[in-house]
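Visitor: whatever this is, show me its structure:
(one chain, ligands or ions: 1)
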Amino acid sequence: MEITQPPPARPAPGAALEARGLRVTTHGRVRVDDVSFTVGAGRVVGLLGPNGAGKTTSLRALLGLVAPDAGEALVLGRRYRDLPSPARRVGAVLDAGGLHPSRTGRQHLRIAAARAHVPAARVEEVLAEVGMSADADRRAGSYSLGMAQRVAVAAALLAEPRVLVLDEPANGLDPAGTHWLLGRLRAFADAGGAVLLSSHLLADVARVADDVVVLDRGRVTAALPTADALAASGGRLEDFYLGLAGTSSDRTGVRR
Ligand SMILES: Nc1ncnc2c1ncn2[C@@H]1O[C@H](COP(=O)(O)OP(=O)(O)OP(=O)(O)O)[C@@H](O)[C@H]1O
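Guide: Numbers count the residues shown, from 1 in each chain. Below you'll find the model as predicted:
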């Protein structure tokens with residue numbers, strides 16, 4: 001992972017995900033500006049930053065859900081929309097609340113499996129993996145936040161992608177679920193996958209991420225190996241993060 005200034009002419013070698021001079025404007029306002037970072041195969045990168053910093057917007061740009069007005073958002077060296085079989089290459093958790101309330105967890109996953117040309121038997125595997133087999137025939141509208149999140153993670157893993165893009169994936173998970181998820185992400189990367197993970201849970205990020213990228217008001221304010229951030233702050237990622245300009249003020253204006 002590295003910040004590229006100025007942007008290289010070609011995708012960074014081996015980059016599974018790359019934001020290169022990315023700028024995204026929505027509703028007439030620049031939300032992400034000149035953001036560059038890469039996620040290589042075998043790496044977990046934690047994307048950090050205060051509320052409204054532009055983390056979700058950056059992930060949405062990588063997933064082709066919002067168009068950059070400058071720079072590029074590349075997955076496996078291409079724009080998401082130019083990827084062949086993107087659902088088989090990239091798994092994403094963006095919004096666990098996005099499940100249709102009247103569909104069951106199993107129905108959601110079967111629809112996703114059919115779309116990605118994944119055998120239905122794989123649905124049962126991922127349901128078991130996320131601990132949702134027993135609740136798979138309940139309507140999603142009756143799920144707790146954590147149960148919906150488990151189904152969202154199952155959907156991301158369904159097609160055995162090489163790349164995971166996850167927006168606060170531990171949101172609502174119980175401690176055992178979070179423990180499982182972090183181990184799963186580490187194993188995924190150790191097997192050669194690439195993970196970009198936005199989170200406010202700094203202790204979790206410190207445990208799993210090889211590198212961290214910090215955004216503030218749409219710009220990268222830090223990008224470095226997690227070990228370096230920990231070494232610079234007495235072993236606590238929270239101290240490193242709160243020591244950065246911009247991140248120590250909360251949305252009520254209280255300063256640490
Ligand atoms: N659909 C939208 N309509 C209006 N403004 C939006 C929309 N999506 C994002 N924004 C704005 O873009 C900016 C960046 O938001 P984004 O969701 O990317 O931040 P974030 O870092 O993911 O924040 P959080 O930690 O709160 O999830 C914010 O100012 C937000 O209000």
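
Visitor: so in the chain, where's the weakest helix or strand by average pLDDT?
Guide: Taking mean pLDDT, DSSP states H and E as the measure, the chain has helix 86-89 as its least confident helix or strand, at a mean of 92.

Visitor: and the contacts of that one?
Guide: 64, 75-76, 80, 83, 112, 115-118, 159-163 (CB atoms under 8 Å, 6 or more residues apart in numbering). The way it works is simple: take the backbone N, C-alpha and C, and place the C-beta from them, glycine included.

Visitor: quick check: ChimeraX command selecting the buried ones in those residues.
Guide: Selecting only the buried entries of the contacts of helix 86-89 in ChimeraX, with 16 or more other CB atoms under 10 Å as the criterion:
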select :64,75,76,80,83,112,116,118,159,161,162,163
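
Visitor: and of the contacts of helix 86-89, the nearest to Leu224?
Guide: Leu224 lies nearest to Val163 out of the contacts of helix 86-89, by CB to CB, at 21.6 Å.

Visitor: for the closest one, which residues are in contact?
Guide: 16-17, 39, 75-76, 89-91, 193-196.

Visitor: in the sheet, who's paired with it?
Guide: Val90, Ala194 (DSSP bridges).

Visitor: isn't Asn46 up against Ala203?
Guide: For residue 46 the amino acid is Gly, not Asn. No - with contact defined as CB atoms under 8 Å, Gly46 does not count as touching Ala203 (11.1 Å).

Visitor: tell me which of these two has more neighbours.
Guide: The neighbour comparison of Gly46 against Ala203 (other CB atoms under 10 Å) goes to Gly46, with 25 against 10.

Visitor: which SSE is the more buried one in?
Guide: Element membership of Gly46, judged by DSSP states H and E, is strand 44-48.

Visitor: what does the next helix or strand after that strand contact?
Guide: Past strand 44-48, further along toward the C-terminus, the next helix or strand under DSSP H and E is helix 55-62. Contact with helix 55-62 is made by 17, 19, 22, 24, 26, 31-32, 35, 47-49, 66-68, 73-75, 80, 92, 94, 165, 167, 196, 198, 215, 218, as judged by CB under 8 Å, 6+ apart.

Visitor: residue contacts, the residue nearest to the spatial centre of the chain?
Guide: For the chain, the residue nearest the mean C-alpha position is Leu166 (2.3 Å; CA atoms, centre = their mean). For Leu166, the contact set (CB under 8 Å, 6+ apart) comprises 92-93, 153, 156, 185, 195-198.

Visitor: just put those residues in TSV and tack on pLDDT and secondary structure.
Guide: As requested, the contacts of Leu166 are exported to TSV (pLDDT from 0 to 100; DSSP: H, G, I helix; E, B strand; the rest coil):
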residue	pLDDT	secondary structure
Ala92	95	strand
Val93	94	strand
Val153	95	helix
Ala156	96	helix
Leu185	97	helix
Val195	98	strand
Leu196	98	strand
Leu197	97	strand
Ser198	97	strand
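
Visitor: and which of these is nearest to the ligand?
Guide: Comparing the contacts of Leu166 against the ligand with CB to the nearest ligand atom places Ser198 closest, at 6.3 Å.

Visitor: count the neighbours of that closest one for me.
Guide: The number of residues near Ser198, taken as other CB under 10 Å, comes to 25.

Visitor: so it makes contact with Leu164?
Guide: No - look at Ser198 against Leu164 with CB under 8 Å: they stay out of range, at 11.6 Å.

Visitor: mind checking the SS state of Leu22?
Guide: Taking DSSP: H, G, I helix; E, B strand; the rest coil as the rule, one finds Leu22 in the strand state.

Visitor: does it touch Asp34 like I think?
Guide: Yes - Leu22 is within contact range of Asp34, at 7.4 Å (criterion: CB under 8 Å).

Visitor: between the contacts of helix 86-89, which is nearest the ligand?
Guide: For these, the nearest to the ligand is Gly64 (15.5 Å; CB to the nearest ligand atom).

Visitor: quick one: the closest one is in a strand?
Guide: No - looking at Gly64 with three-state DSSP, it is coil, so not inside a strand.
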